[in-house]
Every structure is written in C-alpha cells, then in structure tokens.
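J.: sequence and predicted structure are below.
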Amino acid sequence: MNYDLVVKNGTIVTAMTSYKADIGIIDGKISAIGRGLAGKEVLDATDRLVTPGAIDTHVHLEMPIGNFVSSDDFYEGTKAAAFGGTTSIIDFVESRKEQSFLDALEERKSKAAGKAVIDYGFHMTIGPDDIRKLDQVQAAYEAGCRSFKIYMAYGLRLTDGEILKAFEAIGETGALPVVHAENWDVITTLIEKNISEGNTGPEWHTRSRPSLMEAEAVGRVIDLAAYAGVPVHIFHISCPEAAERVRQARIQGHYVSGETCPQYLCLTDEVFEAEGIEGALPICSPPIRSIIDQLGLWEHLSGDSFHTISSDHCPFTKEEKASGLSAFNRVPGGVPSIEMRFPAIFSRGVREGFITENQWVDLCCTMPARLFGLENKGDIQVGKDADLVIFDPGKEVVLSEETLHETAGWTPYKNMTMTGWPETTISRGQIIIGNGECTAEKGRGKYLA
C-alpha cells in the first residue's frame, strides 16, 4: 500500500514500550505500523524518537484575568506549543454572571476557531455565580466540556459547601472535576501580615503560600470528592506534601489524579532573588519553591502520585508584571511554559534519570488523553489521529526569548540548556513544524468535543 505519509526508521516511544518501526498515515489517521512501508511522502526518523503528539491539559490563551489578558492568543500560543511538540491543548471557559455555560463555550470557541493551529478543547469553570447554573452542567458536558474547573482561591473561590454541590452535579454527568487547591483564608491572612510588616518583595510570595497549607487544601478537596463519590484531578501541585496526599488517597482506594508543571520541576525560589522586575517575573500560584521541594516532586513523579505534566501557561508582558512591583500580591501571576514543557521533561527527567522515556510519554501524552476523554489522541495505534513528534534526543537548545516562540518577551528559563528537542511536529497527518518553520495554516486546529 502507498500511504500519504510514512515516518520511517524511528524508535517509537509509547507509554508502555519502545521499538523500531515505520508508521503509515492515510487521511490524517495512523493506518499501519510495521517495517518497509512506502508512501507518497517519507520522513526519515533514523536516530530519532517518534512519540505521540504531546497534550497540554492546562493553558490560558488570550484569557482575561483582572486588568490584563494573557499575552499569547490562540494563534501565537498554539504555534509555540507546536514548536515544542504539543498537538492538543485544553483551555478554559469562564461564564459571565448572566451568561449560560453554552453561550460562554461558544464565545471561547469562536476566539480559537480562526486562530488555533493545533486541536483544542475546554474545561468549564464553575465560580460562585455559577452555583445557580448547576442544572446546565449536563448541557456543557454534552457540548464537549468533559471537565469542570473548581477554584479554592481568588474571586472564583467556592466555599466547601459549594464545592460539594458542584461535585455532585459534575458526578451526575460522569465528568471530571479539576481543582486549583490552596487554602485562601490562610494565604490572605499571611499576605496581609507580610505587607503590613513591609515585606513586599517577590520572595514573600512563596512565604505567603506555605506548602503545608497547599497540602491541607489538597487533602480537604480529596475528602469532599470522596464524600460526593466522584473522581478528582488536582492541578499544578508544587510541593511533595501535596503530592503525598494524592499518593495516600490512591492507596486508600480514592480515584485521585495529580498534575505538576515545568516551573516546579526546573526552577527554584532562587529566581525571586533577582533585582527589580526580573525577580517578580516568575511569580505564579502555587509558587515556585525550594530545591528540596523540586527534588521531592521528581521522586513522586517516578511513583504513582502524578498522572499529567501540564504547563499552566499564563504569560504576561514585562510591562504588565511591572505594574505590580510595589507589592508581590499585585503582580499578575503566571509564566510562559507552553513550548518548553515536553522537551524539558525529557531533558530534565529522562536524561537525568528521574523517569523513563515511557513515563515521559505517559505523563505528557497518553494519560492526559485518557483522563480528559481525547479518545483519538495520546498514543501511537492504528486508527488514532496521526499526531506525532519526531524528536531529536541529542539536539541542544538554549532557551531564550529568541529561541522560543511565545510573545511575552521573556522566559523564566533563560539560558537553560535543553538536550532533546522536537524536530518535526505532525498534526492529523499534516507536517506543521519542520526545518525550524511553522507551515500550519492559521485556524486549522479543530475543537475537541
């Protein structure tokens, strides 16, 4: 058979195994896996790894937050993701007070539709004003939102009673609750105390959000989910104490999954010691913590505490970050990681021996697809979408504003050397990144219902 595209001579890496084979693609789908395949177009992957396209299940593109909008729109953000080997993302929907979930979803879909170069889905957010809309959860689920975001912090914070009500409504649909877990009462008390004592520098951001209280919030939300009889996924875990709560809950038989992010695995709280705006740029929540915390997270990654690694990509420009320099709690929080995520976990995790190459693929590709219902994504199997990455395990890239494609104008990973980088990114059988260029048509990405 003559395939549309054949990826030849590579080492296929899946969540379960690694082996040498060719991949034949027809009409955007994986049609065959074997040896000696021939195609109209052939990509030679000799000495390269061939992985599923990575899936980033936690991004914030052109997202209004406070007085600002995150700096990457759906075009620039998905293009940067594709350069990093990511072929699907899941973003967020937040409905206005009098707006229905379905109208809010359509509004967000319309922003992405003409811009995204890779495929995209959405989590639906349930805030305090949405508790009276819980009868709309089923409709949102049927429209493709298979997960619902709950906050335990900020203005979108729900009380424990509201979380329980939301969990029960989500559980009735069979959807997955995803949670930002922090103890907001303790955080606001510590922020007020530190600011009143003149402790306004960025290093006090971490000190106002202690690990123990993040772990407490994770434990509390797990207990609420267990009482409601629903699974729960914990977003952006930043410390081993919180990861341990997930591990213990799973031992006890609760269906809990956990996520962490590159900023917690590649950076330490030393970043806040830089002078001026440079020390404020890496502010995000939960905060970047110590080297001991970082090493503890890597240890948990090799076990059963974590199931996904996402970027929590939410960048703001230097000028926007500088608007809050008078006090750490006024700096808009978020860092750009959408492009470096997949290769960074290989470079830092696989090459340094923390995880295997199969765990890397599981955490960044396969388990994200399974958790969030992306049935045609995340694996290299006949019949799946031909979302593939040809990955050069020896290529060195020094991260900087010049080598990355995000638009914030800065990166917290500046001057870090990554060993291992995507060479070619294929989305539904189409080469969208190759030879250092993006050839994807703007708006080619599809909504993943």
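T.: Right, received. Where do you want to start? Numbers count the residues shown, from 1 in each chain.
J.: would residue 343 count as being in a helix?
T.: Yes. Assessed by DSSP: H, G, I helix; E, B strand; the rest coil, residue 343 belongs to a helix.
J.: what's the neighbour count on it?
T.: As a burial measure, residue 343 scores 28 neighbours (other C-beta atoms under 10 Å). Using the backbone N, CA and C atoms, a C-beta is placed for each residue, glycine as well.
J.: quick one: the helices in the stretch 151-300 of the chain?
T.: Ranges of helices within the stretch 151-300 of the chain are 160-173, 184-196, 203-207, 211-228, 240-251, 262-266, 277-280, 291-301, based on DSSP state H, counting those that start in this stretch.
J.: likewise the stretch 1-150 of the chain?
T.: Using DSSP H, counting those that start in this stretch, helices in the stretch 1-150 of the chain cover 74-83, 101-113, 137-142.
J.: looking at the ones you listed, which is buried most?
T.: Comparing the helices of the stretch 1-150 of the chain by mean neighbour count (mean count of other C-beta atoms under 10 Å), helix 74-83 comes out on top with a mean of 27.
J.: residue contacts, the closest residue to residue 32 other than its chain neighbours?
T.: Nearest residue to residue 32, sequence neighbours excluded (C-beta to C-beta, 6 or more residues apart in numbering): residue 24, at 3.8 Å. Applying C-beta atoms under 8 Å, 6 or more residues apart in numbering, we find residue 24 in contact with 1, 3, 5-6, 30-34, 37, 39.
J.: what about 7 Å?
T.: Residues near residue 24 by C-beta atoms under 7 Å, 6 or more residues apart in numbering: 3, 6, 31-32, 37, 39.
J.: list the ones among those residues that fall in strands.
T.: If you go by DSSP state E, these have 3, 6, 31-32, 39 in strands.
J.: among these, which one sits closest to residue 45?
T.: residue 6 (9.8 Å; C-beta to C-beta).
J.: give the contact list for that closest one.
T.: 22-24, 37-39, 42.
J.: what's the pLDDT at it?
T.: We have a pLDDT of 98 for residue 6.
J.: in the stretch 1-150 of the chain, which spans are strands?
T.: Using DSSP state E, counting those that start in this stretch, the strands of the stretch 1-150 of the chain run over 2-13, 18-26, 29-34, 38-44, 49-52, 54-56, 64-65, 68-69, 86-93, 119-126, 147-151.
J.: what strands line up against the second one, and which way round?
T.: Sheet partners assigned to strand 18-26 using DSSP bridges are listed as strand 2-13 (antiparallel), strand 29-34 (antiparallel).
J.: closest to residue 404 out of these?
T.: strand 2-13 (23.9 Å).
J.: which positions within the closest one qualify as buried?
T.: Within strand 2-13, the residues that count as buried by 16 or more other C-beta atoms under 10 Å are 3-13.
J.: could you dump the residues you listed to JSON lines with distance to residue 413?
T.: Below are these laid out as JSON lines (distance: C-beta to C-beta, whole Å):
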{"residue": "3", "distance to residue 413": "38"}
{"residue": "4", "distance to residue 413": "37"}
{"residue": "5", "distance to residue 413": "33"}
{"residue": "6", "distance to residue 413": "35"}
{"residue": "7", "distance to residue 413": "29"}
{"residue": "8", "distance to residue 413": "33"}
{"residue": "9", "distance to residue 413": "32"}
{"residue": "10", "distance to residue 413": "27"}
{"residue": "11", "distance to residue 413": "27"}
{"residue": "12", "distance to residue 413": "29"}
{"residue": "13", "distance to residue 413": "24"}
